[in-house]
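Q: Any chance you can model this:
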Amino acid sequence: MDRLGALHSSPSAQLCRPRPTSVRFPQGRPATVVRAVAQPVVLPCPRAAAPAALRHRASSPVAVTGRKVCGPLSAVAMSGAADSLASVDGLGSSPLEIEIDNDLEPEYTLIRVEGRGQGNALLAALSSGLQQFGVNVNSAAQESEEGKVLNVFKVTTTDGNKVPQDKWDGLRDLIQNMASSSKVSNQPAIYGQLAAADVMRLKGEAPAGISQGDAVALELAAAEMAQAAAMFVALEKEMDELKAKGADGGVLALKDTARQEAAAELERKMAAMEACLAARRIVAAPEPPKTAAELMAEQMKAAVQAPPPVSSTGPAAGNGFEILLQAFNWESHKKNWYKDVKGQVADWAKQGFTSIWLPPPSDSVSPQGYLPRDLYNLNSCYGSEADLRELIQTCHEHNIKVIADIVVNHRCATYQSSDGKWNKFGGRLAWDNSAICNNNPAWGGRGAHKTGDDYPAAPNIDHTQERIREDIIEWLRFLKNSIGFDGWRFDFVRGYGGQYCKVYTDATVPEMAFGEYWDTCEYTDGVLNYNQDGHRQRTVNWVDSTGGTNAAFDFTTKGILQEALQRNELWRVVDAQGRPPGFVGMWPSRAITFIDNHDTGSTLNHWPFPGHRLQEGYAYIITHPGTPCIFYDHLYQQGGLREAILDLLALRKKHNLDCRAKVTVRKAAGDVYAATINDKIAVKVGPGDWSPNSARIDAPGGKKWVRACSGVNWACWEIENA
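A: Residues are numbered from 1 along each chain as shown. Below is the predicted model:
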């Protein structure tokens, strides 16, 4: 028997039975069977959803003041379609097969939905959604085979009859849109009819391809929030009804899962509304016309070139105009890296890089250098000390600063103690176990307790001891004064108090100093929360603990930006006060912005940026405040990414953008983020339509905006003849 004929009334029984190997249908199928392969449409912007999904309305619409509301079998185009199609499950590239049949079962209409990337949540969503729209679901089942998931439903109308064929198109549209709204986290999208009608009305107010007006976008965000609220309320009521009827635990558990997902979806729509409001709080008021003298002063100021590189009064992110290159990846130790990259230094200088970050220089148990052993031994897997000196000298000849990766949270011992523990160090710094923190018994440490998080792979160094601090300072002075390093990148600074980074920075006076404060972002059900204020505040607190002498990598911006681009939720890229939502929005002069590094990307891929959105990520960090750090792998990646990075670097340098550049967010919607920087350039990220000219943003001096550079889903404009 084929899959359509083997259904039982229990969904759980269907989920447990053996998976068949194929589906066969007889020749000459009945004429009443409709098979549709529906490729979901990727919407270029939220309001581009075609109103065709409402073409099958009920014959007697419900009367509501000012509008018509679709009847029970109306198809509702869900607002999350564009978001979900860009998600990592890749659903947008796979067709969805929807089949409706009135002949294979004597009493029921059979609905068959097959596609990739749909989990149990879709089964629950469709079951509940069909009932909400006037179709009784008598049984539902799900099976998977070779990556595809099949959902099959036996349904009738509310009066117990088969669904008439003239309603099938509406059903098919409804199912397609609900499936398109399923996110990676499997939130279903079944909403109340009144809110759904509002969303469709707003999305249909402008022809496809025409950008939304701000007022309509705000109204749409409010309607989508109401839609999500209606969904949540409906599921709450269903839960109450099921409990009152004494439903079994399995049914309640399934419904409760859907309710939790609805709550998460509502939270996200509320966050989108909050972001929409935030973007409107900072809309700049029209400036009064400038006098001839003011215009002349602006022109003279624009003609001034960027200041020459100078040593800043405090290290942190350098002189404010730094552009940093992480000049290695996780596999660089497999070559004589110092010699290999020496020949690239001249190109880096021409491309606009002012500083490079090199891997840990010392002898190490691990070839990458992050388990250092003899700190003064600079013959590593990356090359010899002589090779390192030559590379640094070449960089200095091209006015490029060289930053050393400083790993002093922990250090590997050279010898075992009498009890077999590795806690006796060799080389010039021949410490014993008194230099090791006492919190981890594996190392037999006799020092003080940790002042930060434990790193279990190696003995953690006790920075509270003055003699240990003096030894580390002396080693850093050796790296700076003898080897030639210009600054420090402190590794794993969550492991020891920021006050010690201040001690080391003050004592050695580097030109740049910054730390890797990698903290976990805040998630709900696997989806990043909109508000990451707590996360970035912890980074602010760490920089504060260094007395502001150190900058920090902006992990908050990385997390928000990659989530926003991966889900087509670019409303995330503005906080509730209208600022950039990462650490850079709170302390831009201390923020090192980045897309990936040797840990998050490369071959480790602990937390990688979505590969198909890399150009957009760099379009954001290179044009915005903070100090951008470009990853070596990306600089040399073909397929347009390298060209995009170089174009953006040239634009940043041309317009003298520094770490404190002024950002005015112009738009933050699902599919587009736009901002102007220092009133000199405009940038658009995302597939949505936007330009400073169409948005009627006045350019200084009454000039026009012209496109400076562009790539996949991003573009930058500058003022003509600037």
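
Q: for the stretch 251-400 of the chain, what spans make up the helices?
A: 292-302, 337-342, 345-351, 385-397 (DSSP state H, counting those that start in this stretch).

Q: could you dump those to TSV with distance to D471, mean pLDDT and mean neighbour count?
A: Yep, even glycine has a C-beta here, placed from its N, CA and C like the rest. Formatted as TSV, those follow (distance: least, CB to CB, whole Å; pLDDT from 0 to 100; neighbours: other CB atoms under 10 Å):
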stretch	distance to D471	mean pLDDT	mean neighbour count
helix 292-302	49	59	11
helix 337-342	26	98	20
helix 345-351	32	98	16
helix 385-397	19	98	18
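
Q: Adding distance to N656 as columns, could you present these in a markdown table?
A: Output for these, formatted as a markdown table (distance: least, CB to CB, whole Å):
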| stretch | distance to N656 |
| --- | --- |
| helix 292-302 | 9 |
| helix 337-342 | 28 |
| helix 345-351 | 17 |
| helix 385-397 | 23 |
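
Q: right, and those helices - which one's nearest G601?
A: Nearest of the helices of the stretch 251-400 of the chain to G601, taken as CB to CB: helix 337-342 at 17.4 Å.

Q: on that earlier part again, of all the helices of the stretch 251-400 of the chain, which one is nearest A264?
A: helix 345-351 (43.1 Å).

Q: what distance separates that closest one from the centre of its chain?
A: 30 Å (CA atoms, centre = their mean, to the nearest Å).

Q: now swap in stretch 401-411 and tell me
A: Counting by CA atoms, centre = their mean, stretch 401-411 comes out at 28 Å from the chain centroid.

Q: CA atoms only: put that stretch into PDB for me.
A: This file holds the C-alpha atoms of stretch 401-411, laid out as PDB (Å, rounded to 0.1, in the frame of the first residue of the first chain):
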ATOM      1  CA  LYS A 401      52.300  48.300  13.100                       C
ATOM      2  CA  VAL A 402      52.800  44.600  14.200                       C
ATOM      3  CA  ILE A 403      50.600  43.300  17.000                       C
ATOM      4  CA  ALA A 404      51.700  40.200  19.000                       C
ATOM      5  CA  ASP A 405      49.100  37.700  20.300                       C
ATOM      6  CA  ILE A 406      49.800  37.500  24.000                       C
ATOM      7  CA  VAL A 407      48.800  34.400  25.800                       C
ATOM      8  CA  VAL A 408      49.400  34.900  29.600                       C
ATOM      9  CA  ASN A 409      46.300  33.400  31.100                       C
ATOM     10  CA  HIS A 410      47.900  30.000  31.100                       C
ATOM     11  CA  ARG A 411      51.300  28.400  30.400                       C
END
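
Q: what residues are up against the residue nearest to D363 when sequence neighbours are not counted?
A: Of all residues not flanking D363 in the chain, N377 sits nearest, at 3.9 Å (CB to CB, 6 or more residues apart in numbering). N377 is in contact with 362-363, 427, counting by CB atoms under 8 Å, 6 or more residues apart in numbering.

Q: So which of those residues is the closest to L651?
A: L651 lies nearest to S362 out of those, by CB to CB, at 38.1 Å.

Q: Next, count neighbours for that closest one.
A: Using other CB atoms under 10 Å, S362 has 22 other residues around it.

Q: In this structure it contacts Y370, no?
A: No: proximity of S362 to Y370 does not meet the contact threshold set by CB atoms under 8 Å, at 10.3 Å.

Q: Just the terminal-to-terminal distance for stretch 607-615.
A: 17 Å (CA to CA, to the nearest Å).

Q: Can you pull out the residues in contact with that stretch?
A: 88, 558-559, 561-562, 565-566, 595-596, 599-601, 617, 634, 637, 640-641, 644, 711-714.

Q: Any of those buried? List them.
A: 558-559, 561-562, 565-566, 595-596, 600-601, 617, 634, 641, 644, 711, 713-714 (16 or more other CB atoms under 10 Å).

Q: Please, where are all the helices along the stretch 401-550 of the chain?
A: Under DSSP H, counting those that start in this stretch, the stretch 401-550 of the chain gives helices at 466-477, 498-508, 533-545.

Q: So what's the model's average confidence on the first one?
A: Which is helix 466-477. Taken as a whole, helix 466-477 has an average pLDDT of 98.

Q: which of the residues in that helix are buried?
A: By neighbour count with 16+ other CB under 10 Å, helix 466-477 contains the buried residues 468-469, 471-472, 475-476.

Q: Could you do the last one as well?
A: Within helix 533-545, the residues that qualify as buried by neighbour count (16+ other CB under 10 Å) are 533, 535-536, 538-540, 542-543, 545.

Q: pLDDT score for I323?
A: In this prediction, I323 has a pLDDT value of 98.

Q: My guess is it contacts F353. True?
A: Yes: if you go by CB under 8 Å, I323 and F353 touch, sitting 5.3 Å apart.

Q: Identify the contacts common to the two.
A: Common neighbours of I323 and F353, using CB under 8 Å, 6+ apart, are 630, 649.

Q: Other residues contacting stretch 704-717?
A: By CB under 8 Å, 6+ apart, the residues outside stretch 704-717 that reach it are 613, 615-616, 619, 623, 640, 643-644, 647-648, 650-651, 681-687, 691-693, 697, 699, 718-720.

Q: In strands, which of those residues fall?
A: Among those, the members falling in strands are 681-685, 718-719 (criterion: DSSP state E).
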